[in-house]
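Here you go, sequence then predicted model.
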Amino acid sequence: MYIDQGFILSAYQPRRTKLAFEDAPNPTANVTMAPLARGMSNEKYLALKKADDHQKELQSKVGKVFDNEQMKAHTERKNRVRQKLEKLMEHLKILRKLFSGNPKEMARALTQVFKDLKAALKEFKDATKGQMDLSFSASAAVVPPPTDSAAQSDVKDGDTDADKADAETEATAETAEPEAESVPASASATTEDPNATVTHDELVGAVRREIGQDGLKFLKELKAILAHIEEKMLQPARLQKAAQKPDKDMDKVFEAMDEELKELLKEMKDMERDLKQGVAETGTVLDIAV
């Protein structure tokens with residue numbers, strides 16, 4: 001006897017040079033499938049494969065939702081906002097060189113920067129809200145929502161009584177034909193892909209989660225900009241102000257700057273709350289910490 005692929009074989013049997021089913025998870029499998037891990041049972045493999053196929057289908061349909069023209073228009077708006085932030089970072093380098101020794105003018109310039117950031121945040125928030133509002137209708141174009149089955153259940157209950165069934169049949173004989181004509185249209189929409197496993201509600205949840213993730217990512221980008229401003233520009237300006245003689249005009253400039261920054265931080269916090277609430281309505285959560 002000898003050992004081949006972990007199995008004891010008789011010396012009278014021809015030595016196997018490869019597995020009986022090359023793509024199977026183990027040599028005793030009765031079906032051909034790609035292996036995921038040595039020793040995995042076929043049942044577990046099939047369950048994992050089914051979940052993986054479902055996730056791929058979901059991601060594919062999420063992409064189709066974002067291919068909607070209105071969704072793409074909002075995405076382009078968000079991309080333009082991000083381009084403005086890139087230009088703003090270049091502008092900050094210039095401000096840092098110009099007003100490195102002038103705290104009053106630095107505070108005045110940062111006041112305008114915070115106003116520009118608030119405007120960018122508002123534009124991005126509006127585009128995000130537009131996509132959230134479109135998530136249901138855009139998803140319905142990819143995966144139609146389930147139809148109301150209450151009428152069908154009422155018909156089944158009526159069939160138990162022969163007399164009522166006959167009466168209802170005669171009363172609705174004239175309206176049966178128009179309703180029958182409308183069935184193929186809805187049936188064709190829902191049975192377009194008989195192998196589809198993604199539901200409408202699941203798709204809406206995935207789309208909103210994608211929108212929310214992008215919104216939280218934008219907030220992280222804003223926080224990174226504010227951290228850069230605080231470290232490289234704002235802290236040095238405050239130290240320089242403290243080292244100079246009291247100046248009421250400078251105090252007012254700094255107060256105005258601090259007020260703009262406070263409002264910006266509040267709007268960022270409100271946007272984060274709105275994003276999480278909008279996604280939570282579909283039963284999903286966001287997993288990016290801001």
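Happy to help now that I have it.

in the stretch 51-200 of the chain, which ranges drop under the pLDDT threshold?
148-195 (pLDDT under 70).

Now do the helices in it.
69-98, 103-140, 150-158, 162-171, 173-190, 200-229 (DSSP state H, counting those that start in this stretch).

of those, which approaches Asp247 most closely?
Among the helices of the stretch 51-200 of the chain, helix 103-140 comes nearest to Asp247, with 7.3 Å by Cβ to Cβ. (Glycine included, C-beta is placed from N, CA and C.)

Lys129 versus Lys269, what's the distance?
Note on Lys269: its distance to Lys129, by Cβ to Cβ, to the nearest Å, is 16 Å.

ah, wrong one, I meant Lys87
Distance of Lys87 to Lys129, computed by Cβ to Cβ: 24 Å.

And Ala119, by the same measure?
From Ala119 to Lys129 the distance is 16 Å (Cβ to Cβ).

Comparing the two, which shows the higher neighbour count?
Lys129 (17 against 12; other Cβ atoms under 10 Å).

check contacts around that one.
Asp274 (Cβ atoms under 8 Å, 6 or more residues apart in numbering).

Let me know the distance separating it from Glu202.
Applying Cβ to Cβ to Lys129 and Glu202 gives a distance of 22 Å.

now swap in Met250 and tell me
Counting by Cβ to Cβ - Met250 and Glu202 are separated by 57 Å.

burial count for Thr128?
22.

Near the closest residue to Ala141 other than its chain neighbours, how many other residues are there?
Spatial nearest neighbour of Ala141, chain neighbours left out: Asn68 (7.0 Å); criterion: Cβ to Cβ, 6 or more residues apart in numbering. Asn68 has 20 neighbouring residues, counting by other Cβ under 10 Å.

do the same with the one 5 residues further on
For Ala73, the tally of surrounding residues (other Cβ under 10 Å) stands at 13.

residue contacts, it?
Shown in contact with Ala73 (Cβ under 8 Å, 6+ apart): no residues.

Number of residues surrounding Gln83?
10.

wait, Ala107
24.

same question, Arg238
15.

got the contact list for it?
Pro103, Phe254.

try 10 Å this time
Pro103, Met106, Ala107, Glu230, Phe254 (Cβ atoms under 10 Å, 6 or more residues apart in numbering).

Ala237 is in contact with the third one, correct?
Right, the one you point to is Ala107. Yes: taking contacts as Cβ atoms under 10 Å, Ala107 lies within contact range of Ala237: 5.9 Å.

Residues in contact with both of the two, list them for me.
With Cβ under 10 Å, 6+ apart as the test, Ala107 and Ala237 both reach Phe99, Met250, Phe254, Met257.

right, and the last one touches Thr111 too?
Yes: between Met257 and Thr111 there is a contact under Cβ under 10 Å: 4.3 Å.

circling back to that earlier point, distance of the residue nearest to Ala141 from Gln131?
Separation of Asn68 from Gln131 (Cβ to Cβ) stands at 9 Å.

and what of His54?
Applying Cβ to Cβ, the value for His54 to Gln131 is 24 Å.

ok, now Ala109?
The gap separating Ala109 from Gln131 is 33 Å, by Cβ to Cβ.

Compare neighbour counts for the two and give me the winner.
Comparing Ala109 with Gln131 by neighbour count (other Cβ under 10 Å), the higher total belongs to Gln131, at 28 against 21.

Contacts only, for that one.
65-66, 68, 70-75, 77-78, 138, 207-208, 210-212, 214-215, 278.

Could you tell me which of these count as buried?
Buried members of the contacts of Gln131, scored by 16 or more other Cβ atoms under 10 Å, are 65-66, 68, 71, 74-75, 77-78, 138, 207-208, 210-212, 214-215, 278.

Pull the contacting residues for the closest residue to His91 other than its chain neighbours.
Once flanking residues are discounted, His91 sits nearest to Val113: 7.7 Å by Cβ to Cβ, 6+ apart. Counting by Cβ under 10 Å, 6+ apart, Val113 touches Leu88, His91, Leu92, Leu95, Ile225, Leu226, Ile229, Met233, Met257, Glu260, Leu261, Leu264.
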